[in-house]
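Novice: Attaching a predicted model along with its sequence, questions to come.
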Amino acid sequence: MSLALSVRTVRKQFGGLVAVNNVSFDVHDGELFGLIGPNGSGKTTMLNMISGALKPTSGEIMLGHDRISGLAAHHIARKGVARTFQLVKVLPSLDAEENIMAGAVFGHQRLWGEEARSLARQLLERVGLGGREHMPVSAMTYIDQKRIELARALASNPRVLLLDEWLAGLNPSELQIGIELIAELRAEGRTIIMVEHVMDAIRTLCDRCVVMSSGVKIAEGGVAETLSDPEVVRAYLGDDDA
Amino acid sequence: MSELPFGITQKELRIGIGIAVAAGIAALLPLFDQGYYLSLSVNLMLYAALCTAWTLFSGPTHYVSLASAAFFGLGTYAVALGVESIPFPILVAFGAVAAAILAGLVGAATLRLSGVYFVIFTLGLAELVRQVVTWAQAKFTGKTGLYVFTDFREMHIFWMLLALTIAIFITGWLINRSRLGFAMQIIGNDETVARHVGIDTARSKILLFMISGAFIGIAGAICAPRYAYIQPPSAFNPQISFLVVIMALLGGTKRLWGPLVGVVPFIFVMDFVAARLPNQMPIVMGIAFLAIVYFVPNGVTGVLEKALAKWKARNAPAPQAVADKPAEVRP
C-alpha cells in the first residue's frame, strides 16, 4: 500500500502553548484512519494543519510525494484534501445542489456546468438526500446539513477526506445511518482521516488510529490494541490514584 | 444563480428584452430635449453607471469602497493627457486599464484585511492620487489644469454612458453565470468554506475589484469632454465616491439593478437641493446618508423584497423558510 498522507514531526505553537508537539503518523491509501484523544488534545489543530486552516510551526505534511504544509487552504484543497467542519458549515443562501457543486467546481477536479450539476445530484442520492436538490439548506435538519457537508467534500473527489467529528451530535438512529455511510465510503476505497469521540464508531470503522493527549502522540496502531493500551486508558479515564 | 453555461432561461430572455426596450426608449431622449433635462439625464446615467459598477464589487463582498473618485479621475486624466494626439476610444481603454491596475494594487494590499481598513484605505487612496496628480502636473507641465476639446456634445456623452451602463449590466450577468460569480456567492456565505473548497478568495475579490474599477475609469474617461477644463479637484472630487455609496445603498446592493432604484430619485432630489440651497449640499448629503443607513439599511429594493415575501407568505398557505440573509453592508 502506498502512502496517502504523511505527517512528520509536526508541531504547532500558539504563543507559549504547544497544541501539537512533534507528532508523526502515516496514512495509507484506502485506509480509514482515526485521530482520537480527550478534549483539548490537539486533534482538531492537527486536522486544521492538514487542511491548511493553520500552518505548522515546524515539521512537514506530505500528500503523496507533494509537500502541502505551509500552502494556503485553497491550494491544499485543489491538490486533493477535502474536509467537513466540527461545527457544521453549510452555505445558507444556496440550495442543496449548489452547496455540493461548490466542492465539484473549485476543488480537486474542477468541473463546471452540467457535469458539476449531475455529480451533485448523484452525491445527494449517495448521502441519502435524493429529490431534495432545491431545498434551502437552512431548512434542513442537523444530520441532513452534515450530509450536505459530506457530499460537498466528496464532490471534489479528494485523495484524502478529513472528517472532523462528523458523527458528533447525532441521535442513536442517526448515528447508525452515519456509521453505515462512512463504512460505504471506506468500501469504495476512499482514504479517510476521522477525528471522533464516538468510540463505537472508531471500533467498527477504523483500520488504525492515533491517540493524542495534551498535544503528544501517546499510541498508534490497530484499534483494538490501541484502545486497551494502559496509557490510552489513563489519558481518557485518569490515574488509578487520581 | 449559477446557471449552466449557454443555458439562457425564459426569464432571462424576458428581462433581456425588457432592458433592450427600456434602453431604446432612453436613447431617444436627446431628440426631445437638449437642455436642462438632457443635462439631468447625463447625471442620472453617469451615476447609474458608477453605482452599478460599484455594486458589482461591493454588493457580493460587502466591502465599502471609497476609491471611486480615484478610478474616475484616472479615466478623466487619461483622456485629458492624450486628447490632442490619440483617438478617443484608445484613451478610454487607457483609462480603464489604469483604473484596473490601481484597483489591483489596492486590492492586493488591502483585501486581505477586514472591511474597516479597506474603507479607510480607499478613502485615503483617492486623496493621495489627487495630491500626486496635482503635484506632478505643477512640476512637469507648470499648469494647474488641462483643456479637453472634442466634437462630443451632451447627447453623445449621454449615449456613451447609456452604452456603458448596459455593458456593466451584461458583464454583471456574465459574471453571475461564471465560476467567479459562483465563487463570490460562496465567499459571501462563508469565507472559510470558500477557502476549503479550493477558492482563492483574495484573487477572486481582487479580480472583481479590478473589473469594477475599470468601469468607473471608463465613466471618468467618457465624462472628460463634458468638463472641457480638467483640474484634479474636479476629476478626483471625493464627493463622487460618497454619492456613489449613498445612492447604491439607497437602492440596495443585493441585486445588480438595485442601485438604479436609488439613483433616479436621488439625482432629482439632489438637483432640487442644488438649485435651492447650493451652500447646504454637504449637510443634505450627510443627513441623507444617516437617514438611509438608519431607516433603509437594506435599501429600497430590500424593503420591496421583504414586502413581496410577506405578501407571498400571506397568499401561500404552506409556510416556507426564507433562505436569504439580509444583505447588510459591512462598514
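Specialist: Good, I have the coordinates.

Novice: isn't residue B:231 right next to residue B:148, touching?
Specialist: No: with contact defined as Cβ atoms under 8 Å, residue B:231 and residue B:148 do not form a contacting pair (11.3 Å). Every residue, glycine included, has its C-beta placed from N, CA and C.

Novice: which of these two has more neighbours?
Specialist: Between residue B:231 and residue B:148, residue B:148 has the larger neighbour count (other Cβ atoms under 10 Å in any protein chain shown), namely 22 against 18.

Novice: neighbours around residue B:228, how many?
Specialist: 12.

Novice: Nearest residue to it in space, please, no chain neighbours.
Specialist: residue B:148 (5.9 Å; Cβ to Cβ, 6 or more residues apart in numbering or on different chains).

Novice: The one you found contacts residue B:224, doesn't it?
Specialist: Yes: between residue B:148 and residue B:224 there is a contact at 5.0 Å, judged by Cβ under 8 Å.

Novice: any common contacting residues for the two?
Specialist: Each of B:79, B:80, B:83, B:230 lies in contact with both residue B:148 and residue B:224 under the rule Cβ atoms under 8 Å, 6 or more residues apart in numbering or on different chains.

Novice: OK, contacts around the second one?
Specialist: By that I understand residue B:80. With the criterion set at Cβ under 8 Å, 6+ apart, residue B:80 makes contact with B:146, B:147, B:148, B:224, B:230, B:235.

Novice: Put the alpha carbons of the longest helix anywhere in chain A into PDB.
Specialist: Across chain A, the longest stretch assigned as helix under DSSP state H is helix A:172-187. Extracted in PDB, the C-alpha atoms of helix A:172-187 (Å, rounded to 0.1, in the frame of the first residue of the first chain):
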ATOM      1  CA  PRO A 172     -28.700   6.900  18.100                       C
ATOM      2  CA  SER A 173     -30.600   6.100  15.000                       C
ATOM      3  CA  GLU A 174     -28.900   8.900  13.000                       C
ATOM      4  CA  LEU A 175     -25.600   7.700  14.300                       C
ATOM      5  CA  GLN A 176     -26.300   4.200  12.900                       C
ATOM      6  CA  ILE A 177     -27.100   5.800   9.500                       C
ATOM      7  CA  GLY A 178     -23.900   7.900   9.700                       C
ATOM      8  CA  ILE A 179     -21.700   5.000  10.600                       C
ATOM      9  CA  GLU A 180     -23.100   3.000   7.700                       C
ATOM     10  CA  LEU A 181     -22.500   5.800   5.300                       C
ATOM     11  CA  ILE A 182     -18.800   6.100   6.300                       C
ATOM     12  CA  ALA A 183     -18.500   2.300   6.100                       C
ATOM     13  CA  GLU A 184     -19.700   2.500   2.500                       C
ATOM     14  CA  LEU A 185     -17.200   5.200   1.700                       C
ATOM     15  CA  ARG A 186     -14.400   3.100   3.000                       C
ATOM     16  CA  ALA A 187     -15.700   0.200   0.900                       C
END
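
Novice: Could you give the separation of the next helix or strand after it from the chain centroid?
Specialist: Scanning forward in sequence from helix A:172-187 by DSSP states H and E, the next helix or strand is strand A:192-195. Averaged C-alpha coordinates place strand A:192-195 at 4 Å from its chain's average position (Cα atoms, centre = their mean, to the nearest Å).

Novice: Can you tell me which helix or strand of chain A has the lowest average pLDDT?
Specialist: helix A:230-237 (a mean of 84; mean pLDDT, DSSP states H and E).

Novice: thinking again about what came up before, give me the buried entries from the contacts of residue B:80.
Specialist: B:146, B:148, B:224, B:230, B:235 (16 or more other Cβ atoms under 10 Å in any protein chain shown).

Novice: Got phi/psi on the second one?
Specialist: Phi and psi for residue B:148, reported as degrees, to the nearest 10, are phi -120, psi 100.

Novice: residues touching it, list them.
Specialist: Taking Cβ under 8 Å, 6+ apart, we find residue B:148 in contact with B:79, B:80, B:83, B:224, B:225, B:227, B:228, B:229, B:230.

Novice: Closest to chain A out of the residues you listed?
Specialist: For these, the minimum distance to chain A (Cβ to the nearest Cβ) is 38.7 Å, reached by residue B:79.

Novice: Spell out the secondary structure type for the closest residue to the closest one other than its chain neighbours.
Specialist: Setting aside the residues directly before and after it, residue B:79 is nearest to residue B:224 in space (Cβ to Cβ, 6+ apart), at 3.7 Å. Reducing the assignment to helix, strand or coil with DSSP: H, G, I helix; E, B strand; the rest coil, the entry for residue B:224 is helix.

Novice: Please look at residue B:224 and residue B:83 and confirm they touch.
Specialist: Yes: here residue B:224 lies in contact with residue B:83, judged by Cβ under 8 Å, at a distance of 7.4 Å.

Novice: Which positions within the strand or helix carrying residue A:18 qualify as buried?
Specialist: Per DSSP H and E: residue A:18 is located in strand A:17-28. Of the residues in strand A:17-28, those buried by neighbour count under the rule 16+ other Cβ under 10 Å are A:18, A:19, A:20, A:21, A:23, A:25, A:26, A:27.

Novice: Please apply the same query to stretch A:32-42.
Specialist: Using 16+ other Cβ under 10 Å, the residues of stretch A:32-42 that count as buried are A:32, A:33, A:34, A:35, A:36, A:37, A:38, A:41, A:42.

Novice: could you give me the average pLDDT of it?
Specialist: For stretch A:32-42, mean pLDDT is 91.

Novice: what's the span of it, first residue to last?
Specialist: According to Cα to Cα, to the nearest Å, stretch A:32-42 extends 19 Å from its N-terminal end residue to its C-terminal end residue.

Novice: Show me how far that stretch is from its chain's centre.
Specialist: Going by Cα atoms, centre = their mean, where stretch A:32-42 is centred and where its chain is centred differ by 11 Å.

Novice: contacts for it?
Specialist: Contacts to stretch A:32-42, defined as Cβ under 8 Å, 6+ apart, come from residues A:12, A:19-21, A:23, A:25, A:27, A:43, A:46-47, A:182, A:186, A:190-197, A:202, A:205-215, A:218, A:223, A:235-236.

Novice: Three-state assignment for residue A:220, please.
Specialist: The three-state label for residue A:220, taken from three-state DSSP, comes out as strand.

Novice: tell me which residues form a beta bridge with it?
Specialist: Beta-bridge partners of residue A:220, counted by DSSP bridges, are residue A:210.

Novice: So which bits of chain A are right by chain B?
Specialist: Within chain A, the residues that sit near chain B (Cβ under 8 Å from any Cβ of the partner chain) are A:51-53, A:72-74, A:77-78, A:82-83, A:85, A:89, A:91-95, A:98, A:101-103, A:105-108, A:110, A:112-114, A:117, A:136-139, A:152, A:156.

Novice: Put the buried members of those into a ChimeraX selection.
Specialist: Command for ChimeraX that selects the buried part of the residues of chain A next to chain B, burial taken from 16+ other Cβ under 10 Å:
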select /A:51,52,53,73,74,77,78,82,83,85,89,91,92,93,94,95,98,101,102,103,105,106,107,108,112,113,117,136,137,138,152,156
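
Novice: Show me which residues of stretch A:203-211 are buried.
Specialist: Here stretch A:203-211 shows A:205, A:206, A:208, A:209, A:210, A:211 as buried, counting by 16+ other Cβ under 10 Å.

Novice: still on that earlier bit, among the contacts of residue B:80, which two are most distant?
Specialist: Farthest-apart pair in the contacts of residue B:80 is B:147 and B:235; separation 13.1 Å (Cβ to Cβ).
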